[in-house]
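S.K.: Predicted model and sequence below, questions to follow.
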Amino acid sequence: MENIQLIQTDDGSSSLLNLVLNETYHSTHGAIQESTHVFIQNGLQFFSEKNRSPVSVFEVGFGTGLNALLSLTFSEQNKINIDYTSLEPFPIAWEIARLLNYSQLGGNNHHYFASLHQSPWSESVKISEYFSLHKEKTALQDFNFRPDQFDVVFFDAFAPSKQPEMWVLPIMQKIVGALKTGGLLVTYCAKGQVKRDLKSLCMTVESLPGPPGKREMIRAMKLSGWKLK
Ligand SMILES: C[S@@+](CC[C@H](N)C(=O)[O-])C[C@H]1O[C@@H](n2cnc3c(N)ncnc32)[C@H](O)[C@@H]1O
């Protein structure tokens, strides 16, 4: 893929640069550091400390597969069942993905990382004892949700400055509709308009400290009594 370039971030983990958008897939301050902070610690771990297994996760943008790999590792370490659904309209070829250095996280990660990337589309596949993956090769705009389906949403689209169409109220409304009551949406983005949109959908919105290099991130929880407007 001539539009994608492998880069190294400041924590030593690799990421990708989309040359068309001139946008990286992760923070240049540290890909693993950012994903762990935003999605695992403030999303998955926070949710599973208060709720029982299994946890259903929905990710916007499978991309490098890093969030999926970290979630798999979390599920195995904590013996928590995770059903992970992820959308990706522009999948990365395995020839590129295999150059990412996430397997160096240790354990069986090399094997798991390959399975995450090579698993078939549009079906649920058991990748490890506690982790199942369902990937859909489609854009969020074209994906039909069932209501009250997911516990945790990893909203990991490209930044609002590069992909503004992903951060608008109708999209947030669609995502919030797919969350269960008490479910969480986490994102690295801390834009005021995104917070206001989530609040307008009756979510409780927290601005949490971001990962190194980012002041804030958003965690929002769906309250009972939410109705599709
Ligand atoms: C910031 S990257 C993050 C990817 C991934 N979570 C990771 O850790 O590598 C954003 C991802 O969203 C994908 N994407 C772009 N447009 C999308 C859309 N309309 N619906 C869903 N995903 C989209 C991109 O191809 C890219 O893989």
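M.R.: Received, thanks. Residues are numbered from 1 along each chain as shown.
S.K.: Compute the number of surrounding residues for the spatially closest residue to Val38 that is not a sequence neighbour.
M.R.: Of all residues not flanking Val38 in the chain, Tyr188 sits nearest, at 4.8 Å (C-beta to C-beta, 6 or more residues apart in numbering). Bear in mind the C-beta positions are built from the backbone N, C-alpha and C, glycine included. When counting by other C-beta atoms under 10 Å, one arrives at 23 neighbours for Tyr188.
S.K.: Run through the bridge partners of Leu6.
M.R.: Leu16 (DSSP bridges).
S.K.: Spell out which parts of this structure neighbour the ligand.
M.R.: Counting by C-beta under 6 Å from any ligand atom, the chain comes close to the ligand at 25, 35, 60-64, 66-67, 87-90, 139-141, 156-158.
S.K.: rerun that using 5 Å as the cut-off
M.R.: 25, 61, 63-64, 66-67, 87, 90, 139-140, 156, 158 (C-beta under 5 Å from any ligand atom).
S.K.: Show me what the helix or strand bottoming out on mean pLDDT in the chain is packed against.
M.R.: The weakest-scoring helix or strand in the chain, judged by mean pLDDT, DSSP states H and E, is helix 109-118 (a mean of 94). In terms of contacts (3 or more C-beta pairs under 8 Å, 6 or more residues apart in numbering; DSSP states H and E), helix 109-118 is packed against helix 66-78, helix 94-97, strand 124-128.
S.K.: any chance of these in a markdown table, with mean pLDDT and mean neighbour count too?
M.R.: As requested, the helices and strands packed on helix 109-118 are exported to a markdown table (pLDDT from 0 to 100; neighbours: other C-beta atoms under 10 Å):
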| stretch | mean pLDDT | mean neighbour count |
| --- | --- | --- |
| helix 66-78 | 96 | 22 |
| helix 94-97 | 96 | 14 |
| strand 124-128 | 98 | 15 |
